[in-house]
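Participant: Let's see this in three dimensions:
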Amino acid sequence: MSGATTEFVYVSYIRATREKVFEALVRPEVARKYWGHENVSDWEPGSKWEHVRVQGGRQVELAGEVLEIEPPRRLVISWANASEYEDASRHSRVTFELATLGEMVRLTVTHDRLVPDSGMAQGIRKGWPLVLASLKSYLETGQALDVFAERRAG
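Facilitator: Sure thing, here's the model as predicted:
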């Protein structure tokens, strides 16, 4: 990626173990519950991952590569619209860092290498806070948030 880039950093504190939070990121059947999508991969460095929408038929919306993985502490993936997967210059990067703090986990999500004011950057700005709130709610209470409520209302 050439030119100026921007990044977003989100921090969430979740009453759970690092193992449970990490599992929620990489296990398709868990991600589906709080995200409405499945994250599908063999989770080996260099492998492809796909963000698959399950509502209304299976459709790959995002894709990238597993850049680093250190369960349950760190996961780094590239991130692109599925239609732009083959063009590595269009990939941004997401880093998930998990730290244990007593009975909770500090989950830091850094999404960087984004083109400022792009559609992807605008989507990230809205999407991550909702997804992370839903993840927190799901892991702490067993009840996820409706991450598609805004789409239906607007």
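Participant: what about the helices in the chain?
Facilitator: Per DSSP state H, the chain carries helices over the ranges 18-26, 28-35, 119-141, 149-153.
Participant: need the ones you listed in a markdown table with mean neighbour count, can you?
Facilitator: Where C-beta positions appear, they are placed from N, C-alpha and C, glycine not excepted. Converted to a markdown table, the helices of the chain look like this (neighbours: other Cβ atoms under 10 Å):
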| stretch | mean neighbour count |
| --- | --- |
| helix 18-26 | 19 |
| helix 28-35 | 18 |
| helix 119-141 | 16 |
| helix 149-153 | 8 |
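Participant: Kindly reformat these as JSON lines containing mean pLDDT.
Facilitator: Below are these laid out as JSON lines (pLDDT from 0 to 100):
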{"stretch": "helix 18-26", "mean pLDDT": "98"}
{"stretch": "helix 28-35", "mean pLDDT": "96"}
{"stretch": "helix 119-141", "mean pLDDT": "96"}
{"stretch": "helix 149-153", "mean pLDDT": "65"}
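Participant: Distance to E70 for those - can I get that in a markdown table?
Facilitator: Formatted as a markdown table, the helices of the chain follow (distance: least, Cβ to Cβ, whole Å):
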| stretch | distance to E70 |
| --- | --- |
| helix 18-26 | 9 |
| helix 28-35 | 19 |
| helix 119-141 | 19 |
| helix 149-153 | 33 |
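Participant: My understanding was that V26 contacts V40; is that so?
Facilitator: No - the criterion here is Cβ atoms under 8 Å, and V26 misses it with V40 at 9.4 Å.
Participant: How about the contacts made by R113?
Facilitator: Contact analysis of R113 by Cβ atoms under 8 Å, 6 or more residues apart in numbering lists 1, 5, 7, 91-93.
Participant: picking up where we left off before, can you tell which of the helices of the chain is closest to I77?
Facilitator: helix 18-26 (9.5 Å; Cβ to Cβ).
Participant: Run the angle between that closest one and helix 119-141 for me.
Facilitator: Interaxial angle of helix 18-26 relative to helix 119-141 (axes from the mean of the first three to the mean of the last three Cα atoms, to 10 degrees): 140 degrees.
Participant: Which other helices and strands does helix 18-26 contact?
Facilitator: Applying 3 or more Cβ pairs under 8 Å, 6 or more residues apart in numbering; DSSP states H and E, we find helix 18-26 packed against helix 28-35, strand 74-81, strand 92-101, strand 104-114, helix 119-141.
Participant: mean confidence for the second one?
Facilitator: Per-residue pLDDT values over strand 74-81 give a mean of 98.
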